[in-house]
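*Asks:* Using only what follows, build the 3D model:
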Amino acid sequence: MDNRAGEMLVFQRVVESGSFSQAARSLLMTPSTVSKLISRIESRLGVRLLERSTRQLVLTEEGQIYYEKSAELLAGFEEIERELTRGATSASGTIRVNASVAFGVLGLEPVLPALWESHPNIIVDLSLSDEMTDLYRDRTDVAFRVGSLQDSTAIARRIGVAKRKIVASRSYLDRHGEPKTVDDLNRHNCLGFNFRRAAPVWPLKESGRIVDSAVAGPLLANNGETVRRMALAGVGLARLGDYHVRDDIQAGRLVEVLSHAVDGDEEEIHALYLGGPRLPHRVRIFLDFVCPRLASFLSAA
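*Replies:* I've put the predicted structure just below:
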């Protein structure tokens, strides 16, 4: 394997110590090994770097150039390692975070001001999308995922559980009536999603078992917040996480229906990240700070 940085270090030690033997002692090498290495550099470059005599070593003009440029490169290598080490052990730098729109707005965003009070040098590069993100491809440090996990290469930290609720506005229910059974959904507008992984069915409990009930409506959206707003506007029924509609239900803006049919309809929420034992310190600080607070947010729903 080509190890030119190692050769440069040996040459630097020879020049600074003034002898092969002293350089060899400092590098735990033999003088003959050091001499052969210098000869190999000269042979590869086609120039003489050192004039040798029995009493001293003298740099040639080419040797002086090689020494100065090597010293610059080696110093650059050391600075790279220092900078990376600082990044791995300091609470500073950028963290790329992805979350669904609703979970990001309602759960994560309220936590961030307190994070920055404690760690002002952390920068959160936040993207909100209900589409799945590829941690490798999108260079994401942390992704908060709702539902089943498919990325086996990532480490998952469980946050909590989101229970599903079916809700509608009072104005919609006044016009269309309140569904009492799963079969009643056939005559209702059910707001859905257009994800590749989304199916036009709601898993609902009927006669003691879970049945995938086909639903249809005037809207297919790529995020839960749009579905929620359309439910508020009286367009139809929405099946959303309890944390997403908690405030609307408490304020009377939305009404829960068919609660018996969604008993046990829930999805786990995890924080996914890469890195394992070599996880950058800033990412670990972020996870340790936000995850307990997000767990409290979910448990209050």
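*Asks:* quick one: the helices in the stretch 101-250 of the chain?
*Replies:* Secondary structure of the stretch 101-250 of the chain (DSSP state H, counting those that start in this stretch): helices at 101-102, 112-118, 170-176, 224-232, 242-251.
*Asks:* how about those helices in JSON lines, adding mean neighbour count?
*Replies:* Backbone N, C-alpha and C define where each C-beta goes, glycine included. Shown next, in JSON lines, are these (neighbours: other C-beta atoms under 10 Å):
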{"stretch": "helix 101-102", "mean neighbour count": "20"}
{"stretch": "helix 112-118", "mean neighbour count": "12"}
{"stretch": "helix 170-176", "mean neighbour count": "15"}
{"stretch": "helix 224-232", "mean neighbour count": "21"}
{"stretch": "helix 242-251", "mean neighbour count": "17"}
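*Asks:* Of those, which is nearest Arg55?
*Replies:* The minimum distance between Arg55 and these falls on helix 112-118, with 62.8 Å, by C-beta to C-beta.
*Asks:* quick one on the thing from earlier: quick one: the helices of the stretch 101-250 of the chain as CSV, columns for distance to Arg44 and mean pLDDT too.
*Replies:* Listed next are the helices of the stretch 101-250 of the chain as CSV, based on distance: least, C-beta to C-beta, whole Å; pLDDT from 0 to 100:
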stretch, distance to Arg44, mean pLDDT
helix 101-102, 58, 93
helix 112-118, 53, 95
helix 170-176, 80, 96
helix 224-232, 63, 95
helix 242-251, 65, 95
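*Asks:* mind putting the ones you listed in a markdown table, distance to Glu7 included?
*Replies:* A markdown table is the format used below for the helices of the stretch 101-250 of the chain (distance: least, C-beta to C-beta, whole Å):
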| stretch | distance to Glu7 |
| --- | --- |
| helix 101-102 | 55 |
| helix 112-118 | 46 |
| helix 170-176 | 77 |
| helix 224-232 | 59 |
| helix 242-251 | 60 |
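*Asks:* out of those, nearest to Phe11?
*Replies:* helix 112-118 (47.7 Å).
*Asks:* Distance from the closest one to the middle of the chain?
*Replies:* Counting by C-alpha atoms, centre = their mean, to the nearest Å, helix 112-118 is centred 18 Å from the centre of its parent chain.
*Asks:* mind listing the strands for the stretch 101-250 of the chain?
*Replies:* For the stretch 101-250 of the chain, applying DSSP state E, counting those that start in this stretch gives strands covering 122-128, 142-146, 155-168, 192-193, 201-206, 209-214, 220-221, 238-241.
*Asks:* Packing partners of the lengthiest helix in the chain?
*Replies:* The single longest helix within the chain, with elements called by DSSP state H, is helix 61-89. Contacts defined by 3 or more C-beta pairs under 8 Å, 6 or more residues apart in numbering; DSSP states H and E place helix 61-89 against helix 4-17, helix 31-45, helix 281-299.
*Asks:* what comes into contact with the last one?
*Replies:* If you take C-beta atoms under 8 Å, 6 or more residues apart in numbering as the criterion, helix 281-299 is touched by 87-93, 95, 97, 106-108, 110-112, 114-115, 118-119, 122, 124, 141-142, 144, 157, 159-162, 243, 269, 271, 273, 275.
*Asks:* before we move on, back to that, which of the strands of the stretch 101-250 of the chain is buried the deepest?
*Replies:* strand 238-241 (a mean of 25; mean count of other C-beta atoms under 10 Å).
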